[in-house]
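Peer 1: okay, predicted coordinates and the sequence, questions at the end:
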Amino acid sequence: KAGVTQTPRYLIKTRGQQVTLSCSPISGHRSVSWYQQTPGQGLQFLFEYFSETQRNKGNFPGRFSGRQFSNSRSEMNVSTLELGDSALYLCASSPIGPETQYFGPGTRLLVL
Amino acid sequence: QKEVEQNSGPLSVPEGAIASLNCTYSDRGSQSFFWYRQYSGKSPELIMFIYSNGDKEDGRFTAQLNKASQYVSLLIRDSQPSDSATYLCAVNMNSGYSTLTFGKGTMLLVSP
């Protein structure tokens, strides 16, 4: 069974730009969660989607948004990028709950 | 603020020894608890999860949960150099959602 895939793997942007990251969950998984990982803050929850609905949201500004499509693929968007948005963005999928939440390889975003 | 705390380490153990990794959490209503392993430059991979007080064993790994003390631990028996990684404790504080609150991780170094 194919794992969680994320594209692109690496991205360099400049301040003020926007970026869209994509995540394809494991086949059959309906829940997709996004996390931001930085050396200082560790892994922080961004949001979770289940059956195209945002089920939960972390404490991030409105510049961070996401969506989920009918095939469970998910995208997250960050508008008006700031230097502090440089991080590893991880997507995790699970069938329903967190018991079998599997992470993708991540997208490493560098904002200059 | 609901938190998960881990000693950042590094925890250094010789090959063949038992490594003991600890985690405390602040939310008494937490339902399920997870241990992830993250190699440098890679994404987290699920080792095991535990729901009930007591021990749960999976190969060389044993997770221990004490809800009264709000304490979770991971024991790694017969530690190998390949176990050298950062170990992340994660807690599901909102049953029904996939949201995980992560500790910042403990770095484990196993020397040959």
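Peer 2: Noted; the coordinates are in hand.
Peer 1: and chain B, which residues reach chain A?
Peer 2: Proximity of chain B to chain A, by CB under 8 Å from any CB of the partner chain, involves residues B:32, B:34, B:36, B:42-46, B:49, B:88, B:90, B:92, B:94-105. Bear in mind the C-beta positions are built from the backbone N, C-alpha and C, glycine included.
Peer 1: how close does B:Met93 sit to chain A?
Peer 2: Distance, B:Met93 to chain A, by CB to the nearest CB, to the nearest Å: 10 Å.
Peer 1: ok, that residue touching B:Thr101?
Peer 2: Yes - if you go by CB atoms under 8 Å, B:Met93 and B:Thr101 touch, sitting 5.6 Å apart.
Peer 1: can you list residues touching both of those two?
Peer 2: The contact sets of B:Met93 and B:Thr101 overlap at B:Lys2, B:Tyr25, B:Asp27 (CB atoms under 8 Å, 6 or more residues apart in numbering or on different chains).
Peer 1: distance of the nearest residue to the first one once chain neighbours are set aside from B:Phe33?
Peer 2: I take that to be B:Lys2. Sequence neighbours aside, B:Asp27 is the residue nearest to B:Lys2 in space, at 4.6 Å (criterion: CB to CB, 6 or more residues apart in numbering or on different chains). Per CB to CB, to the nearest Å, B:Asp27 is found 11 Å from B:Phe33.
Peer 1: go on, A:Pro25?
Peer 2: From A:Pro25 over to B:Phe33 the distance is 23 Å, taken as CB to CB.
Peer 1: go on, A:Pro8?
Peer 2: From A:Pro8 over to B:Phe33 the distance is 33 Å, taken as CB to CB.
Peer 1: more neighbours: which of those two?
Peer 2: Taking neighbours as other CB atoms under 10 Å in any protein chain shown, A:Pro8 and B:Phe33 compare with B:Phe33 leading, 28 against 12.
Peer 1: ok, the more buried one touching B:Ile50?
Peer 2: Yes - judged on CB under 8 Å, B:Phe33 makes contact with B:Ile50 at a distance of 5.2 Å.
Peer 1: quick check, B:Asn92 in contact with B:Phe34.
Peer 2: Yes - between B:Asn92 and B:Phe34 there is a contact under CB under 8 Å: 7.4 Å.
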